[in-house]
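J.: how would this look folded up:
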Amino acid sequence: TVTKEITEFKTLDDGSRVKVTRKVTCVRKMVRLNKSVKLRRSWAKFGDCEGQAPGFKENGVVNIAEKANFELAGQEESEPAGNKGMGSLLNMDTFSVLRQLRTKMSSGEITQEQYE
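T.: Residues are numbered from 1 along each chain as shown. So this is what the prediction gives:
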């Protein structure tokens with residue numbers, strides 16, 4: 001552990017200057033790192049990320065901006081997505097059914113009376 005002393009000079013609202021001294025304790029912590037992860041982090045960046053600093057994450061590259069549609073358990077692929085009614089919910093487990101009903105109610109496909 002290392003203790004550092006940081007000194008700052010601040011100006012108050014009335015115009016007077018104040019000396020502020022803070023003591024900060026820095027602790028070095030050993031972290032285990034997998035060999036394959038260490039090797040992968042040393043690779044040169046390529047494509048859109050080429051030339052960026054290590055650890056830099058560009059939003060357009062890391063996060064997907066497009067909406068991803070996933071098939072829920074119990075939905076048959078042969079049915080078109082818009083024509084699925086309450087009958088398709090019979091094959092799902094309880095939590096999937098409740099989640100599906102909640103999503104349909106929030107999007108306006110079904111009313112509160114049909115939900116209950």
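J.: the worst-scoring helix or strand of the chain on mean pLDDT: what's the following helix or strand?
T.: Sorting the helices and strands of the chain by mean pLDDT, DSSP states H and E puts helix 59-62 at the bottom, at a mean of 55. Note on helix 59-62: by DSSP states H and E, the next helix or strand toward the C-terminus is helix 94-107.
J.: in that following helix, what's buried?
T.: 97, 100-101, 104 (16 or more other Cβ atoms under 10 Å). Where C-beta positions appear, they are placed from N, C-alpha and C, glycine not excepted.
J.: tell me which of those is nearest to Pro54?
T.: Gln100 (42.7 Å; Cβ to Cβ).
J.: any low-confidence regions in this structure?
T.: For the chain, the stretches flagged by pLDDT under 70 are 55-68, 70, 73-95, 112, 115-116.
J.: from the buried residues of helix 94-107, which is closest to Arg32?
T.: For those, the nearest to Arg32 is Gln100 (41.9 Å; Cβ to Cβ).
J.: wouldn't the closest one be in contact with Leu72 here?
T.: Yes: with contact defined as Cβ atoms under 8 Å, Gln100 counts as touching Leu72 (6.4 Å).
J.: rewinding a little: including distance to Glu113, could the buried residues of helix 94-107 go into a markdown table?
T.: Converted to a markdown table, the buried residues of helix 94-107 look like this (distance: Cβ to Cβ, whole Å):
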| residue | distance to Glu113 |
| --- | --- |
| Val97 | 17 |
| Gln100 | 17 |
| Leu101 | 12 |
| Lys104 | 13 |
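J.: taking these, tell me the two that lie furthest apart.
T.: Greatest spacing in these, by Cβ to Cβ: Val97 and Lys104 (10.6 Å).
J.: Lys19 reaches Thr11, doesn't it?
T.: No: Lys19 lies out of contact with Thr11 (Cβ under 8 Å); the separation is 11.3 Å.
J.: what residues are shared contacts of these two?
T.: Shared contacts of Lys19 and Thr11 (Cβ atoms under 8 Å, 6 or more residues apart in numbering): none.
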